[in-house]
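*Asks:* Below is the sequence, then the predicted model.
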Amino acid sequence: MNGAPDDIVLHGPDAFAAMRRAGRLAAEVLDYIAPFVVPGAVTEQLDFLCEEFMRDHGSTPACLGYRGYPKATCISANHIVCHGIPSEKRLEDGDIVNIDVTVILDGWYGDTSRMYLVGENVSVKARRLVEVTYQSLMLGVAAVKPGATLGDVGHAIQSFVERQRFSVVRDFCGHGVGQVFHSAPSVLHYGKPGRGVRLEPGMIFTIEPMVNAGHYDVKILADGWTAVTRDRSLSAQFEHCVGVTETGVEIFTLSPAGHTKPPYKLSRQSDV
Ligand code: MF3
Ligand code: CO
Ligand code: CO
């Protein structure tokens, strides 16, 4: 068979331009919130600040009301794999936490997440998990080019993560994104080289590996959203929106502040 499966949209230059704007704004939300992610921070306060920033910049939070989700962001600490609901809980020194934001800007969805280290007392193992998870995302991104397959992307992530003796979560995956939040293709973070959808210029999707320090099994808490590791081991995640170009890949959600993985160097305007 030739050509992309017909449920996968092949986007043109205008879509790429729109995704550049939405992706950049989503990344700016994560840049903006970084100095507030400190011991004692209340997660629903962080959510409020993110929502305010999104709205102040002409966008709306895609998560709020999505399938009944109650908040603007997902904030997932420690053994929470994803979809942590911001609450009155406070972050503690030594926590690792993911903040996942999706903005809707002019009808286009920018979806990205990063890990943050809370305070100075994050364990060596937790730091290594965060590091490996970031590297796995970037290895997945690097595998994206016309002619490669999604199996190549999943394999790049899985083989690296498992070599570090961590595990890749199976129950959640990346997704097509654009003028809808979640669409085809499903982007698995594990796989075999050469298998799966063949990539073509114009495809736009997220890559968002969740990596556990222990077993990959997850369970969903009674709130219907919060996914945690079954063995209560630590979990980490990073997410980018990417587009397949004629020659390779474009990342739409790079940080304008240059933030990649923590620790983030927080500079004030006056320091520049
Ligand atoms: N941003 C998440 C993703 O990466 C989706 C969150 S949906 C929500 O796809 F409803 F939990 F917010
Ligand atoms: Co996503
Ligand atoms: Co997301």
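*Replies:* Nice, thanks for sending it over. Numbering: from 1, shown residues only. Ligands and ions are numbered 1, 2, ... in the order given.

*Asks:* ok, residue 192 - contacts?
*Replies:* The contact partners of residue 192, taken as Cβ atoms under 8 Å, 6 or more residues apart in numbering, are 151, 154-155. All C-beta spots, glycine's among them, are computed from the backbone N, C-alpha and C.

*Asks:* tell me which element the closest residue to residue 120 other than its chain neighbours is part of?
*Replies:* With Cβ to Cβ, 6 or more residues apart in numbering as the criterion, residue 120 has its nearest non-adjacent residue at 7.0 Å, and that residue is residue 93. Under the criterion DSSP states H and E, no helix or strand holds residue 93.

*Asks:* re the thing from before, can you check the contacts of residue 192 and name whichever has the most neighbours?
*Replies:* residue 154 (26 neighbours; other Cβ atoms under 10 Å).

*Asks:* which non-adjacent residue is nearest that residue?
*Replies:* Using Cβ to Cβ, 6+ apart, the closest residue to residue 154 is residue 191 (2.8 Å).

*Asks:* I'd like the secondary structure assignment at the residue in the stretch 151-272 of the chain that ligand 2 sits nearest to, please.
*Replies:* For the stretch 151-272 of the chain, the residue positioned closest to ligand 2 under Cβ to the ion is residue 206, at a distance of 4.1 Å. Put simply, residue 206 is strand when judged by DSSP: H, G, I helix; E, B strand; the rest coil.

*Asks:* Run through the residues that contact the nearest residue to it once chain neighbours are set aside.
*Replies:* Among residues not flanking residue 206 along the chain, residue 174 sits closest, at 4.2 Å (Cβ to Cβ, 6+ apart). By Cβ under 8 Å, 6+ apart, the contact set of residue 174 is 186-189, 205-208, 239.

*Asks:* Name the nearest residue to the residue minimising distance to the centre of the chain, sequence neighbours excluded.
*Replies:* Most central in the chain under Cα atoms, centre = their mean is residue 239, positioned 2.1 Å from the mean C-alpha point. In space, residue 239 comes closest to residue 208 once its chain neighbours are excluded; the distance is 3.5 Å by Cβ to Cβ, 6+ apart.

*Asks:* Please list the residues of the chain that sit near ligand 2.
*Replies:* 111, 206 (Cβ under 5 Å from the ion).

*Asks:* Kindly recompute the last result at 8 Å.
*Replies:* By Cβ under 8 Å from the ion, the residues of the chain that approach ligand 2 are 100, 102, 111, 113, 174-175, 177, 181-182, 206, 208, 239, 241.
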